[in-house]
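Trainee: what's the 3D shape of this:
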Amino acid sequence: MPFARPRPAARAVAPASPDAPPTARAATAPGGVRRRLAWLTGLLGAAVLGAAALGACSGSHTPPEPGSSELAGMMLDPQLSEISGLAASRRHPDVLWMHDDGGNPERLFAVATNGDRLATLRIEGVTKTDWEDMAAFELDGRSYLLIADTGDNGGLRRSLQLHVIEEPSKIENARLKPAWSIAFRWPDGARDCEAVAVDVARKQVLLISKKRQPPELFALPLMPAGNALQTATRLGELAGIPQADAALQKSNPGRAKLQGQVTAADISPDGTTLAVMTYRYLLQYPRQPKQSWAEAVAGTPRVSDLPWLPQAEALGWSADGRSLYATGEFIPAPLYRITP
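Mentor: Got it, this is the predicted structure:
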């Protein structure tokens, strides 16, 4: 979450960070209410065109082409206005779990793949500082969600938390408590992190730094013994993150800096591909059977442009591993299904 978010017109509009993407700065600059309305109108127009295109193709049974994306739905519910994490349920078909970031209650949303909110679940016994990503996984016959409280825009946090929640048996409003939590620190000073993934086979949590270039890859045990503060292990760096060209760096250095910042990640259900989202790109790092993740991310990723999002913050593989779901902050927000 790199900048202050626009609020409803009835409230004062907070100024955006100079690093904010152009859409956000336009929404929060002087005269921001008018510009915000224009921005929302443009977004709705794009959504209508996307929905029309999707409807026109609905009668076709042709499989989507690799690298293509389609509009799965639109998120219009005001409670979904600051989504920063997404994971596809392993227990409930066509259900996505989502959470919002800091400044909101400790809660998860069950969301249909068309963008409708189905239920809100409060998470008890934890304090929410800055939730920035989540992952779904299965372990010993049970389905779990991992929530990453790892955001640190100011670089001030001395410890961070991961919370593991067992998926509920029913999709309904409820209260849940973590099955276990992991407190950890970085080995060499604070850093912002908005991307985590779970490798069940290795019983390992992967974490990717956001602002450092190239991004760094770290690991933690998924089920550490005891409650002691863990120290993340640095595994390596991500290769192949596209950088802005010289012209953009000169004309708009703030936007240029944002393009390569990592905001989400997820490992495919078969464990062979790490998908990584930046504000502009989708990167996929394939891993060979005997290869470590450090070796995989040192290789050349498959890179594609993301479909348009107001602020790309949430990404997750579908439960069958055939596609990726992606969305962003602000409402209305498109919910895309991307074929890798």
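
Trainee: What separation is there between residue 194 and residue 290?
Mentor: 30 Å (Cβ to Cβ, to the nearest Å). Every residue, glycine included, has its C-beta placed from N, CA and C.

Trainee: now swap in residue 147 and tell me
Mentor: Taking Cβ to Cβ, one finds residue 147 at 31 Å from residue 290.

Trainee: hang on, residue 108 packs against residue 97?
Mentor: Yes: with contact defined as Cβ atoms under 8 Å, residue 108 reaches residue 97; the gap is 5.7 Å.

Trainee: what is in contact with those two at once?
Mentor: By Cβ atoms under 8 Å, 6 or more residues apart in numbering, residue 108 and residue 97 have these common neighbours: residue 145.

Trainee: Doesn't residue 254 lie inside a strand?
Mentor: No: secondary structure of residue 254 (DSSP: H, G, I helix; E, B strand; the rest coil): helix, not part of a strand.

Trainee: what's the burial count for it?
Mentor: 15 (other Cβ atoms under 10 Å).

Trainee: can you check residue 226 too?
Mentor: Neighbour tally, residue 226, other Cβ under 10 Å: 5.

Trainee: likewise residue 209?
Mentor: Using other Cβ under 10 Å: residue 209 sits among 24 other residues.

Trainee: Show the pLDDT at it.
Mentor: Predicted confidence (pLDDT) for residue 209: 98.

Trainee: Now do the same contact list for it.
Mentor: Contacts of residue 209 by Cβ under 8 Å, 6+ apart are 191-193, 215-216, 218, 262.

Trainee: and with 7 Å instead?
Mentor: 191-193, 215-216 (Cβ atoms under 7 Å, 6 or more residues apart in numbering).

Trainee: Could you find the closest non-adjacent residue to it?
Mentor: residue 216 (4.4 Å; Cβ to Cβ, 6 or more residues apart in numbering).

Trainee: Point out where the stretch 51-200 of the chain drops to low pLDDT.
Mentor: Scanning the stretch 51-200 of the chain for pLDDT under 70 picks out the ranges 51-61.

Trainee: could you pull out the strands for it?
Mentor: 69-75, 83-88, 95-100, 107-112, 117-123, 131-139, 142-149, 160-166, 174-176, 180-185, 193-199 (DSSP state E, counting those that start in this stretch).

Trainee: Bridged to the closest residue to residue 318 other than its chain neighbours, which residues?
Mentor: Spatially, and ignoring its direct neighbours in sequence, residue 318 is nearest to residue 88 (5.1 Å; Cβ to Cβ, 6+ apart). Note on residue 88: beta-bridge partners by DSSP bridges are residue 96.

Trainee: ok, residue 194 and residue 290, which is more surrounded?
Mentor: Per other Cβ under 10 Å, whichever of residue 194 and residue 290 has more neighbours is residue 194, with 31 against 6.

Trainee: ok, that one - contacts?
Mentor: Taking Cβ under 7 Å, 6+ apart as the test, what residue 194 contacts is 132-133, 151, 210, 262-264.

Trainee: so what's the residue nearest to residue 209 up against?
Mentor: 209, 234, 237.

Trainee: quick one: contacts for the residue nearest to the last one when sequence neighbours are not counted?
Mentor: Translated: residue 237. Spatially, and ignoring its direct neighbours in sequence, residue 237 is nearest to residue 214 (4.4 Å; Cβ to Cβ, 6+ apart). Residue 214 sits next to 237-239, 241 when contact means Cβ under 7 Å, 6+ apart.

Trainee: Pull out the buried residues from the residues you listed.
Mentor: Neighbour-count burial (16 or more other Cβ atoms under 10 Å) applied to these gives 237-238, 241.
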